[in-house]
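Chemist: Predicted model follows, preceded by the sequence.
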Amino acid sequence: MKSDQHSQTGPYKPPAGLPSGAGIGLKPEHFQPLLETRPKLGFVEVHAENYMVAGGPMHHYLQRIHEHYALSVHGVGLSIGGSEPLDEAHLERLKTLIARHQPERFSEHLAWSSHNGQFMNDLLPLPYTPERLENVCDHVDRVQEKLGIQMLLENPATYLQYRDSSYTEPEFIAEVIRRTGCGLLLDVNNVYVSAINHGFSSHAYIDALPCHRVGEIHLAGFARDSDSQGAPLLIDSHDAPVAEAVWKLYDYALEQTGAVATLIERDANLPPLTILVAEAQNAARRLQAISREVA
Amino acid sequence: MDIKANSDSRFQHALLNPELAPPDGVSAWDSETGSKRFDVYRNNVIVSLIDALANCFDVVKQLVGEPFFRAMAREFLRDPANLPASPVLAHYGERFPAFIADFEPAATLPYLSDVAQLEWLRLQSLHAADANSADSKHLSTVVKKALSNETGCIPFKLFFHPSLALFKSRYAAVSIWAAHQGLAKLANIDPNTPEQALILRPELEVETIPLSHESADFIDRCMAGEPLRNPPLGPTLELLVQKGAITGIALFEEE
């Protein structure tokens, strides 16, 4: 059995880990205001691929900002969910980046984005089959081996499902975590978006995940559309404030996970820094409430 | 047959060919074939890559207008060879200037491809490796030594900052670009005047410095590693030193 080759806890330790506060996604537009105003934030998170360049302002500002804030590096291009072997050149770039900035966290997606040497710049869905489970576990093993640290794997937002999937998504994720020892990045917005798109219970989905393995939570905004049958279709657009329904689901998730580092993700329609910080403060208040409950 | 690979290949094939139906094997929860749902992925791919090109080629976008730019970028992306080969989008778009040069509907703007090339070089300069510029006193001491040698000038070689690039155009592409930064007036530009520029990022900001034809030729020869003898262009050398473009100098001293 292939699964016996994967230890239950995993040989890789997480990097230092993020404080269980609230953070924001870091965009170049906010480099200067962040350094000038230094708002209270638990951490900042960057997309790994935006910093895979030799030098210049991206590294300059990231280094200065990391002197004041914990850092999470979030990959969007490793294609861990694909059927092809990982792109070793890309993995090497990732290793270089992590060695340079020594982030407190590294995470990637359960999705694929490259195939046949072409990068499609989107997080594409995969079939949840035994064969693909082997691929994904091999990929996560390879990443952790190459980087020498534990990674977090993020649950995806999807618009379609594969008919030959034999695992549910939480079953598939739980099995990857069990076999590879990686942690879970629970994207609460993705759970909400997929639950609406596919008609499942978001609470049941979260209940089926190994919530004690959650190392970080993502919150974001979505866009509303409808499919060709007129059914609601939510798009994981990261271009709006966190929706009220997603805040509610976040509260439910926190009851399962306890206080966990939480990110406000915003990749488009970027508001001023103060607006994002206010959203992070909303998450921070909920985190404090959970900590008090536990204590 | 590799079934696993085929699932991603089928998905990718349908993704990149909008006239095709969604691939077999995917569906929505209510068994709907999911054409509009599949289109979300198609749209994400194309729109995000058009956005990436629009970020890099902002002046090209301003010159032709947003709708024309997006239509041109969409045409560019119809060729699978023009998709990114790597997820590092800071280095995506190298083939776009050449595509523009051959793009019939843009033929009335013959300088458009060169403006695109200038923007591409500036983006690469922005993200190039950092390096310390050579100390100007040290440089002038060595250059003086080379020039004042009794038996004639000692040939020497300059080492340039990794962010340095030389740009040459048959058109006034530098002025046209500068006009879109508020640095020149578009109305005063004769687009058919050949122009050259030095592109450099000594610190955090990319500079675009107009050059004479002679200065550009001189820098071209320096960049090719040609040993310099009696450099006739003191002012060009001075400019390179002053801008921090030189990281080192070596004399070809004969024993």
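Modeler: Sure thing, it's come through. Residues are numbered from 1 along each chain as shown, chains lettered A, B, ... in the order given.

Chemist: residues in contact with A:Ser72?
Modeler: A:18, A:23, A:43-46, A:103-107, A:216, A:261, A:263 (C-beta atoms under 8 Å, 6 or more residues apart in numbering or on different chains). In this view, the C-beta of every residue, glycine as well, is placed from N, C-alpha and C.

Chemist: Tell me how far it lies from A:Phe106.
Modeler: Noted for A:Ser72: a distance of 8 Å to A:Phe106, by C-beta to C-beta, to the nearest Å.

Chemist: Repeat that for A:Leu254.
Modeler: For A:Leu254, the distance to A:Phe106 equals 23 Å [C-beta to C-beta].

Chemist: Equivalent analysis for B:Leu158, please.
Modeler: B:Leu158 sits at a distance of 41 Å from A:Phe106 (criterion: C-beta to C-beta).

Chemist: Below-threshold pLDDT in chain A: ranges please.
Modeler: By pLDDT under 70, the weakly predicted segments of chain A are A:1-10, A:294-295.

Chemist: Tell me how far stretch B:125-143 lies from the chain's centre.
Modeler: 22 Å (C-alpha atoms, centre = their mean, to the nearest Å).

Chemist: List the contacts of it.
Modeler: With C-beta under 8 Å, 6+ apart as the test, stretch B:125-143 has contacts from A:53-60, B:90-91, B:156, B:159, B:161-165, B:199-202, B:206, B:237, B:241-242, B:244-249, B:251.

Chemist: Got a ChimeraX select line for the buried ones in the residues you listed?
Modeler: Taking 16 or more other C-beta atoms under 10 Å in any protein chain shown as the burial criterion, the selection of buried members of these in ChimeraX is written as:
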select /A:53,54,55,56,57,58,59 /B:90,91,156,161,162,163,164,165,199,200,201,202,206,237,241,244,245,246,247,248,249,251
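
Chemist: Of the contacts of stretch B:125-143, which belong to helices?
Modeler: Judged by DSSP state H, these include A:Pro57, A:Met58, A:His59, A:His60, B:Leu237, B:Val241, B:Gln242 as members of helices.

Chemist: Name the residues of the stretch 51-200 of chain B found near chain A, please.
Modeler: Contact residues, the stretch 51-200 of chain B versus chain A (C-beta under 8 Å from any C-beta of the partner chain): B:52, B:80, B:83-91, B:126-131, B:162-163.

Chemist: looking at this, A:Glu145 is in a strand?
Modeler: No: A:Glu145 sits outside any strand when classified using DSSP: H, G, I helix; E, B strand; the rest coil, being helix.

Chemist: returning to what we had before: show me which of the ones in helices among the contacts of stretch B:125-143 is closest to B:Pro23.
Modeler: If you rank the ones in helices among the contacts of stretch B:125-143 by distance to B:Pro23 using C-beta to C-beta, A:Met58 comes first, at 36.7 Å.

Chemist: Can you name the residues that contact the closest one?
Modeler: A:Met58 makes contact with A:Pro28, A:Asn50, A:Tyr51, B:His127 under the criterion C-beta under 8 Å, 6+ apart.

Chemist: Same check on A:His212?
Modeler: Neighbouring residues of A:His212 by C-beta under 8 Å, 6+ apart: A:Thr257.

Chemist: ok, the residue in the stretch 151-255 of chain B that chain A sits nearest to to B:Leu166 distance?
Modeler: Nearest residue of the stretch 151-255 of chain B to chain A: B:Leu204, at 4.6 Å (C-beta to the nearest C-beta). Per C-beta to C-beta, B:Leu204 is found 21 Å from B:Leu166.

Chemist: out of the two, which sits in the more crowded spot?
Modeler: When neighbours are counted by other C-beta atoms under 10 Å in any protein chain shown, B:Leu166 comes out ahead of the other of B:Leu204 and B:Leu166, with 19 against 13.

Chemist: Identify each buried residue in the helix or strand hosting B:Arg42, please.
Modeler: Here B:Arg42, judged by DSSP states H and E, is contained in helix B:35-56. For helix B:35-56, a neighbour-count test (16+ other C-beta under 10 Å) marks B:36-42, B:44-46, B:49-50, B:52-54, B:56 as buried.

Chemist: could I get it in PDB with only the CA atoms?
Modeler: Taking Å, rounded to 0.1, in the frame of the first residue of the first chain, the C-alpha atoms of helix B:35-56 are listed here in PDB:
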ATOM      1  CA  SER B  35     -20.900  25.400 -20.000                       C
ATOM      2  CA  LYS B  36     -21.200  28.700 -18.200                       C
ATOM      3  CA  ARG B  37     -19.400  27.300 -15.200                       C
ATOM      4  CA  PHE B  38     -16.600  26.100 -17.400                       C
ATOM      5  CA  ASP B  39     -16.500  29.600 -19.000                       C
ATOM      6  CA  VAL B  40     -15.600  31.000 -15.500                       C
ATOM      7  CA  TYR B  41     -12.300  29.200 -15.800                       C
ATOM      8  CA  ARG B  42     -11.800  30.200 -19.500                       C
ATOM      9  CA  ASN B  43     -12.500  33.800 -18.500                       C
ATOM     10  CA  ASN B  44     -10.100  33.700 -15.500                       C
ATOM     11  CA  VAL B  45      -7.300  32.500 -17.700                       C
ATOM     12  CA  ILE B  46      -7.700  35.000 -20.600                       C
ATOM     13  CA  VAL B  47      -8.600  38.000 -18.500                       C
ATOM     14  CA  SER B  48      -5.800  37.500 -16.000                       C
ATOM     15  CA  LEU B  49      -3.300  37.100 -18.700                       C
ATOM     16  CA  ILE B  50      -4.600  40.200 -20.600                       C
ATOM     17  CA  ASP B  51      -4.400  42.100 -17.300                       C
ATOM     18  CA  ALA B  52      -0.800  40.900 -16.900                       C
ATOM     19  CA  LEU B  53       0.100  42.300 -20.400                       C
ATOM     20  CA  ALA B  54      -1.800  45.500 -19.600                       C
ATOM     21  CA  ASN B  55       0.300  46.000 -16.500                       C
ATOM     22  CA  CYS B  56       3.500  45.600 -18.400                       C
END
